[in-house]
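Mind folding the following:
(one chain, ligands or ions: 1)
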Amino acid sequence: MFLRGSKDKGIPSFGDGANTNAIIYASQVVKTYDTGTSKVQALKGVDFAVQRGELVGVMGPSGCGKTTLLNCLSGLDGVDGGQIWLEGKDLAKMSDKERTTYRARRMGFIFQVYNLLPVLSAVENVELPLLVSGVGSKEARTRSIAALERVGLDQWAKHRPAELSGGQRQRVTIARALVNNPALIWADEPTGALDSKTANEIMGLLRELNEREGLTCVIVTHDPGIGDRCDRVVRMRDGSVVGETGPRVIAEAEAIAAAAAAAQRELVASR
Ligand code: ADP
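Numbering: from 1, shown residues only. The predicted structure is shown next:
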């Protein structure tokens, strides 16, 4: 599944088979935290690739490196080894400013904690990042209302977070993550603070956005119910990727098995 990049040019071979549409392509990522008194190797040479339009879960026991992986691959945190390409761009070759701009324009983030400003209404919270990045107030408002529509919350645009349920608040953060029309959404335990029914609804919304709009999404979760609804689940343990499961993995395996069986039949028939 994972294809190594061209060492000569320092870019991944996107023209190759499975990685034609790779939006994230990471090779041998190493991250060590040094607290002064101790060193923790949180990522021990992780390979990770995501195709455009995939909904990928990252699962594993607490402390195995899921959040670190998300932070490193999105460029929020630096790495100590390995290479990361996002949409074919080498993260290491970007300046801090380029990385920040790229992140603001091409990525959206959803966290377990909503990080909504209590004094602002839903629409004001959604438009804040646009205003900060210099978008005019009229355009920011139009785009924010449209983002709230995408998550089914336009009727609640004028309400403040305290007047919204947990699920509605998380929908506001999803609208805020979508408002820039990012290429990629990173979600870190997006349903961790929600009851199971609401968690299911939020996952349903992410799935719907993925299927309707082709949204690419990487979801860190410990909830097997969320993992079951991803195309693919990458499993981590102790700083390493230890396997993959999920409907897409099974479908790919079945397609390979079917092709092998067909080739076998052809061979027998030709004898
Ligand atoms: P997960 O998201 O799977 O729970 P994390 O990525 O948060 O795991 O953590 C991976 C390992 O790195 C853990 O051992 C954790 O204690 C350690 N760690 C995470 N962040 C820091 C940090 N800022 N400083 C030191 N150690 C850290």
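
Spell out which residues of the stretch 51-200 of the chain are next to the ligand.
60, 62, 63, 64, 65, 66, 67, 68 (Cβ under 6 Å from any ligand atom). C-beta here means a position set from N, CA and C on the backbone, and glycine is covered the same way.

Between which two of those is the distance greatest?
The span of those, defined through Cβ to Cβ, is set by 62 and 68 at 12.2 Å.

Which one of these two is surrounded by more residues?
Each of residue 62 and residue 68 has its neighbours counted (other Cβ atoms under 10 Å); residue 68 has more, 23 against 7.

Which helix or strand lies directly C-terminal to the helix or strand harbouring the more buried one?
Per DSSP states H and E, residue 68 falls inside helix 66-73. Where DSSP H and E defines the elements, the next helix or strand beyond helix 66-73 is strand 81-86.

ok, and what's touching that next one?
With Cβ atoms under 8 Å, 6 or more residues apart in numbering as the test, strand 81-86 has contacts from 5, 10-12, 22-30, 45-46, 72-73, 75, 90-92, 102, 106, 184.

again with stretch 151-168
114, 116-123, 125, 144-145, 148, 169, 171-172, 174-175, 178, 193-195, 198, 201-202, 205.

are any of the residues you listed buried, and which?
The neighbour count (16 or more other Cβ atoms under 10 Å) marks 114, 116, 121-123, 125, 144-145, 148, 169, 171-172, 174-175, 178, 194, 198, 201-202, 205 as buried among the contacts of stretch 151-168.

tell me which residues in stretch 153-172 are buried?
153-154, 156-157, 160-161, 164, 167-172.

Dihedrals phi and psi, the residue nearest the centre of the chain?
Centrality entry for the chain: nearest residue to the mean C-alpha point is residue 218, 2.4 Å, by Cα atoms, centre = their mean. Note on residue 218: its backbone torsions stand at phi -110, psi 120 [degrees, to the nearest 10].

beta partners of it?
With DSSP bridges applied, residue 218 shows beta-bridge pairing to residue 56, residue 186.

pLDDT score assigned to it?
Listed pLDDT for residue 218 reads 97.

contacting residues around it?
24, 50, 56, 57, 58, 70, 73, 184, 185, 186, 187.

Same question for residue 118.
160, 161, 162.

now do residue 70
58, 76, 186, 188, 218, 220 are the contacts of residue 70 under Cβ under 8 Å, 6+ apart.

so how many other residues sit close to the third one?
Residues contacting residue 186 under the criterion other Cβ under 10 Å number 25.

So the closest residue to residue 206 other than its chain neighbours versus residue 131, what's the distance?
With sequence-adjacent residues excluded and distances taken as Cβ to Cβ, 6 or more residues apart in numbering, residue 206 is closest to residue 217, at 5.8 Å. Distance, residue 217 to residue 131, by Cβ to Cβ, to the nearest Å: 25 Å.

ok, those two, which is more surrounded?
Between residue 217 and residue 131, counted using other Cβ under 10 Å, residue 217 has the larger neighbour count: 25 against 15.
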